[in-house]
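K.L.:
Quick one, fold the following:
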Amino acid sequence: MSPHGLQRATAFAPASVGNVAIGFDILGFAVDALGDRVTVSRRKDPGVLITRVRGIAGELPREPEKNTAGRALIALYETLKPHFGFEMEIEKGIPLGSGLGGSAASAVGAVVAANALLPQPCTRLELLKFAMQGEAVASGSLHVDNIAPSLFGGLVLTVGIDHPRVKQIPVPADVRAVIVKGGPNANIYFYPAHPATGDFVDGSMTTPGTFDAKKKQWKFPALSYMEFCYFPTVYAPPS
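P.N.:
Numbering: from 1, shown residues only. Reported below is the predicted structural model:
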């Protein structure tokens, strides 16, 4: 049980990589080299208030409904109905549009910090559901592949939205991950329309491109990011 006298708490939520390998929208891993810090305080007035947003992400909305951290905290507040409100400060350590789960980290940091102020803390699975509501502000739908690793840490497989099942996957100590980031606009996704029907093709989400009418194909100038894992080994040539 959290101390009733605790009035303020700060949480660090790491960056993350989602859509790992074939795990589209369900598999991701945490990148704790950078992240967001969110400080939440109790307030006498009801509701959720964002007092400050700073860091390296540029201008972000301070209206809670339009902010990923704010919307996640609203979900927690409206569900639990504590006898106090929340005010929040957000320090962004993840660049905007970097493809490293900045929106997810803010949402996770908000609910984890607020959880420390509750007389009866929530489980991580409950916090996951609240944070998912915040992620929807940025992505337009509920996703867990960045939320789950930022909250649970490590390599995480999450299946389901209404009743998510979370599995932390052990990773051998000698496995390394390499993340290659694209250009400044490389994390802007879209679904290209089929050239014949005009319908959007599910599973073809990619970075901005141009359609070559003569060759009837798309040209994509950059990539969002690319991740791969490897086992570092030392090759000893035969003597």
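
K.L.:
Show me what the longest strand seen in the chain pairs with in its sheet, parallel or antiparallel.
P.N.:
Ordering each strand of the chain by length in residues (DSSP state E) puts strand 27-43 first. Take DSSP bridges as the rule and strand 27-43 pairs in its sheet with strand 8-17 (antiparallel), strand 85-92 (antiparallel), strand 155-159 (antiparallel).

K.L.:
Could you dump these into TSV and include mean neighbour count and mean pLDDT?
P.N.:
Where C-beta positions appear, they are placed from N, C-alpha and C, glycine not excepted. Conversion of the strands paired with strand 27-43 to TSV gives the following (neighbours: other CB atoms under 10 Å; pLDDT from 0 to 100):
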stretch	mean neighbour count	mean pLDDT
strand 8-17	21	95
strand 85-92	21	96
strand 155-159	21	91
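
K.L.:
coming back round to it: run the chain-centre distance for the longest strand of the chain.
P.N.:
Relative to its chain's centre, strand 27-43 lies at 9 Å (CA atoms, centre = their mean, to the nearest Å).

K.L.:
what angle separates the helix or strand following it from strand 85-92?
P.N.:
Reading on from strand 27-43 to the C-terminus, the next helix or strand found by DSSP states H and E is strand 48-55. If you take axes from the mean of the first three to the mean of the last three CA atoms, to 10 degrees, strand 48-55 sits at 10 degrees to strand 85-92.

K.L.:
please begin residue numbering at 55 from this point
P.N.:
From this message on, residue numbering opens at 55, which makes the last subject strand 102-109.

K.L.:
pLDDT (mean, whole number) over strand 102-109?
P.N.:
Summarised as a single mean, pLDDT over strand 102-109 is 94.

K.L.:
Would you mind listing the buried residues in the helix or strand following that strand?
P.N.:
The element immediately downstream of strand 102-109 (helix or strand, assigned by DSSP H and E) is helix 122-134. With burial defined by 16 or more other CB atoms under 10 Å, the residues of helix 122-134 counted as buried are T122, A123, G124, R125, A126, L127, I128, A129, L130, Y131.
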